[in-house]
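1. no FASTA, just this:
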């Protein structure tokens, strides 16, 4: 029934626009790394990581300085991208290791119904199981993962993402537009220790963020992470090169981003800036007015789906995706301006429910946040809990690695507990940060008398917007997400 409804909508819309030439509809190449924070590209200011492909896309299109994932955890973030919805409207998909119910239509489904070839390589929608949600195919599209290569370092997969993209293009019909998801598994942990040094990177030139100890272990861990970002960037470069050789680059929307922040303490699985603020560059000469634009408007992953639908000329099909929370980026594309382009794009909402295991009954640590005008307000709904997992289980909501171990060792030795408190300690119910001046979110302004009115205003706006979007937590449903089982059989 659902497939028939989609087909009828697509057919009706196609008949209503007989002048649309399928060959002129833009292709889409969506490139997404796995665990990369905003700061860690060359164009965004990190001198120790080389990202010529990202930098090129930014130079020839738009670089967004205030792009945010909807949730700092893989499955929920990718669900928001595919559906144009925030996690609190996606039922089980708001939790990791769950499913994406088929009732939530994805932009890939609508583009396929409209004649697009759809495919993915590497990591598409993941982790979780699709069958419990009524799906048999990854929402990112048909899988292309047969091509292999020898990875440059251990910890990286042997998937040749760019060659798999070539395989996909080989089966795209003549004059058929395509939408391809190039999703690497890098820079997800683990990393090969010492990879950074072996590529010629100098630990002495690394500036450790103030949330981490400034120690050689941490600096080398960051360098190893940078190497994996560079691997992703090389795959993007090869895919772009293929499009150039085949004459398709000019009519292709190229998006380069990451699903959420880096796999380090106080980043991934947290709503601090390092966890939710992501790199985003978009290139599309036929649709973007100008190049080398740096846009400061606030955008979120929920904006991706309506943007792709509008570009494909099927935006009128969006109502069957439920009322979209995201907004198409076409208003930004059409303007020649840099800086703030659209006055109304002054905020984003972010949130988190369950991330992995290690808390009582493997439940989540629910948080909602509002990022607006350089400020970040967070509401922790269970401040009595351990945000990164219980001490007895080893804080399993934070990926293991040398930096995590270094912080834990300092705490165990009684040498320095401030990093442990910052990364793993319990949090107050309210947090407020001036991320424009304090991007590492070190100073909680919610504790200061002179910022209480700011915290109150942001809390009221956050709750008002969440109520309007039907967030179950605003309806007093404390156990709504906690009651949802792991689709892969873990937990409850």
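-> The structure has been received and is ready for your questions. On a predicted model such as this, the values are computed, not experimentally measured, just so you know.

2. mind listing the helices for the stretch 101-250 of the chain?
-> Using DSSP state H, counting those that start in this stretch, the helices found in the stretch 101-250 of the chain span residues 107-113, 161-170, 195-198, 216-245.

3. got it, and the stretch 301-450 of the chain?
-> Under DSSP H, counting those that start in this stretch, the stretch 301-450 of the chain gives helices at 304-311, 330-334, 402-412, 418-424.

4. can you redo those as CSV with mean pLDDT, distance to residue 458 and mean neighbour count?
-> No exception for glycine: its C-beta is placed from N, CA and C like everyone else's. Shown next, in CSV, are the helices of the stretch 301-450 of the chain (pLDDT from 0 to 100; distance: least, Cβ to Cβ, whole Å; neighbours: other Cβ atoms under 10 Å):
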stretch, mean pLDDT, distance to residue 458, mean neighbour count
helix 304-311, 96, 25, 24
helix 330-334, 97, 24, 17
helix 402-412, 96, 29, 19
helix 418-424, 96, 22, 19
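
5. Setting aside sequence neighbours, what's the nearest residue to residue 198?
-> Residue nearest to residue 198 in three dimensions, not counting chain neighbours: residue 153, with 8.0 Å by Cβ to Cβ, 6 or more residues apart in numbering.

6. From residue 193, how far out is that neighbour?
-> 10 Å (Cβ to Cβ, to the nearest Å).

7. Equivalent analysis for residue 217, please.
-> As judged by Cβ to Cβ, residue 217 and residue 193 stand 10 Å apart.

8. same question, residue 407
-> Separation of residue 407 from residue 193 (Cβ to Cβ): 17 Å.

9. Kindly report the same for residue 285.
-> Residue 285 sits 42 Å away from residue 193, going by Cβ to Cβ.

10. now do residue 204
-> To residue 193, residue 204 is 18 Å away according to Cβ to Cβ.

11. I'd say residue 160 and residue 149 touch.
-> Yes: look at residue 160 against residue 149 with Cβ atoms under 8 Å: they come within range, at 4.0 Å.

12. hang on, the earlier thing: who has more neighbours out of residue 204 and residue 193?
-> Comparing residue 204 with residue 193 by other Cβ atoms under 10 Å, the one with more neighbours is residue 193, at 16 against 7.

13. Give the full set of residues in contact with that one.
-> 220, 224, 402 (Cβ atoms under 8 Å, 6 or more residues apart in numbering).

14. likewise residue 164?
-> Contacts for residue 164 (Cβ under 8 Å, 6+ apart) come out as 121, 122, 144, 145, 146, 147.

15. Including neighbour count and pLDDT, could these go into TSV?
-> Listed next are the contacts of residue 164 as TSV, based on neighbours: other Cβ atoms under 10 Å; pLDDT from 0 to 100:
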residue	neighbour count	pLDDT
121	29	98
122	27	98
144	24	98
145	16	98
146	11	98
147	16	98
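
16. Mind picking the two most distant members of the residues you listed?
-> Farthest apart among these by Cβ to Cβ are 122 and 146. That separation is 12.2 Å.

17. Looking at the residue nearest to residue 198 now. What's its pLDDT?
-> What the model reports for residue 153 is a pLDDT of 97.

18. what does residue 391 give?
-> On pLDDT, residue 391 comes in at 89.

19. can you check the one 10 residues further on too?
-> With respect to pLDDT, residue 401 has a value of 97.

20. Against residue 35, how distant is the nearest residue to it once chain neighbours are set aside?
-> Excluding its sequence neighbours, the residue lying closest to residue 401 (Cβ to Cβ, 6+ apart) is residue 189, at 5.5 Å. As for residue 189, its distance to residue 35 is 8 Å (criterion: Cβ to Cβ).

21. Same question for residue 384.
-> 28 Å.

22. now residue 72
-> Distance from residue 72 to residue 35, counting by Cβ to Cβ: 9 Å.

23. and if you look at residue 485?
-> The gap separating residue 485 from residue 35 is 25 Å, by Cβ to Cβ.

24. Pull the number of nearby residues for residue 156.
-> 23.

25. returning to what we had before: higher neighbour count, residue 384 and residue 35?
-> The neighbour count for residue 384 versus residue 35, taken as other Cβ under 10 Å, is higher for residue 35 (25 against 7).

26. residues touching the closest residue to that one other than its chain neighbours, list them.
-> Spatial nearest neighbour of residue 35, excluding adjacent residues (Cβ to Cβ, 6+ apart): residue 263 at 4.5 Å. Under the criterion of Cβ under 8 Å, 6+ apart, the neighbours of residue 263 are 35, 187, 188, 189, 225, 399, 401.

27. Closest to residue 304 out of those?
-> Residue 304 lies nearest to residue 35 out of those, by Cβ to Cβ, at 18.2 Å.

28. Hmm, residue 261 and the closest one touching each other?
-> Yes: between residue 35 and residue 261 there is a contact at 6.9 Å, judged by Cβ under 8 Å.

29. Common neighbours of those two, please.
-> Counting by Cβ under 8 Å, 6+ apart, the residues touching both residue 35 and residue 261 are residue 268.

30. which residue sits closest to residue 81, ignoring its sequence neighbours?
-> Closest residue to residue 81 apart from its sequence neighbours, by Cβ to Cβ, 6+ apart: residue 301 at 4.7 Å.
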